[in-house]
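Visitor: predicted coordinates and the sequence they were generated for:
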Amino acid sequence: MNEVRFVADVMVGKLTRWLRVLGFDVVYSNTFTDDDILRISRSDDRIILTRDIRFAAARKPGECVVIESDHYREQVQQVIRTFALKEFRVFSRCLECNALLQDATKDDVFERVPPYVYLTQEHFATCPSCNRVYWHGTHAEQMLKRIPG
């Protein structure tokens, strides 16, 4: 089964972040032009996510999904419903740059996390692209509670 991949326009930035939390591959930049989005969509076989009705109307069927709601929870639910998404890899992608995260040891992140985090957490991941460090602290629990269901 091919995994559905997306490219998102500036109107759905928060949706992008939440889809990444769930583990979906979403290319996004707030500097993309419409031409950039079309090029990425076509060259990488990605579905366009947008709120721009006029932009979407000029696209081929199946190339674009118009996100209907202003609210990210409803937006996430719309994408999940539209593509019948059932498998999630929560916290497997960098929320900032979309790269797949890699497991890291405590030694790997020793100087990159606050001392309290180092002492209280056992599992870490790093982004090979932007070098951010992730761990499953209370912030992750709060995010999981906010995931639309």
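Guide: On my side now, so go ahead.

Visitor: nearest spatial neighbour of the residue sitting nearest the centre point of the chain, chain-adjacent residues omitted?
Guide: Against the mean C-alpha coordinate of the chain, by CA atoms, centre = their mean, the closest residue is residue 20 at 2.0 Å. Nearest non-adjacent residue to residue 20, counting by CB to CB, 6 or more residues apart in numbering: residue 93, 4.7 Å away. (C-beta placed from N, C-alpha, C; glycine too.)

Visitor: quick check: that neighbour touching residue 125?
Guide: No - the pair residue 93 / residue 125 is not scored as a contact, 9.9 Å apart, by CB atoms under 8 Å.

Visitor: residues that sit against both of the two, list them.
Guide: Residues touching both residue 93 and residue 125 by CB atoms under 8 Å, 6 or more residues apart in numbering: residue 101.

Visitor: what score does residue 72 have for pLDDT?
Guide: If you check residue 72, the pLDDT there is 92.

Visitor: phi, psi for it please.
Guide: In terms of degrees, to the nearest 10, the main-chain angles of residue 72 are phi -60, psi -40.

Visitor: where's the residue lying closest to it once chain neighbours are set aside, which helix or strand?
Guide: Spatial nearest neighbour of residue 72, chain neighbours left out: residue 14 (4.4 Å); criterion: CB to CB, 6+ apart. Taking DSSP states H and E as the criterion, residue 14 maps to helix 13-21.

Visitor: got the contact list for that helix?
Guide: 6, 8, 26, 28, 30, 49, 67, 72, 75-76, 79, 90-91, 93-95, 98, 143, 147-148.

Visitor: can you give me the buried ones in it?
Guide: Neighbour-count burial for helix 13-21 flags 15-21 (criterion: 16 or more other CB atoms under 10 Å).

Visitor: save those as TSV, and put in pLDDT and distance to residue 53 too.
Guide: Below are the buried residues of helix 13-21 laid out as TSV (pLDDT from 0 to 100; distance: CB to CB, whole Å):
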residue	pLDDT	distance to residue 53
15	96	16
16	97	19
17	95	23
18	93	22
19	96	21
20	96	25
21	93	27
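
Visitor: can you list those residues in JSON lines and add distance to residue 38?
Guide: Output for those, formatted as JSON lines (distance: CB to CB, whole Å):
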{"residue": "15", "distance to residue 38": "19"}
{"residue": "16", "distance to residue 38": "17"}
{"residue": "17", "distance to residue 38": "22"}
{"residue": "18", "distance to residue 38": "24"}
{"residue": "19", "distance to residue 38": "20"}
{"residue": "20", "distance to residue 38": "22"}
{"residue": "21", "distance to residue 38": "26"}
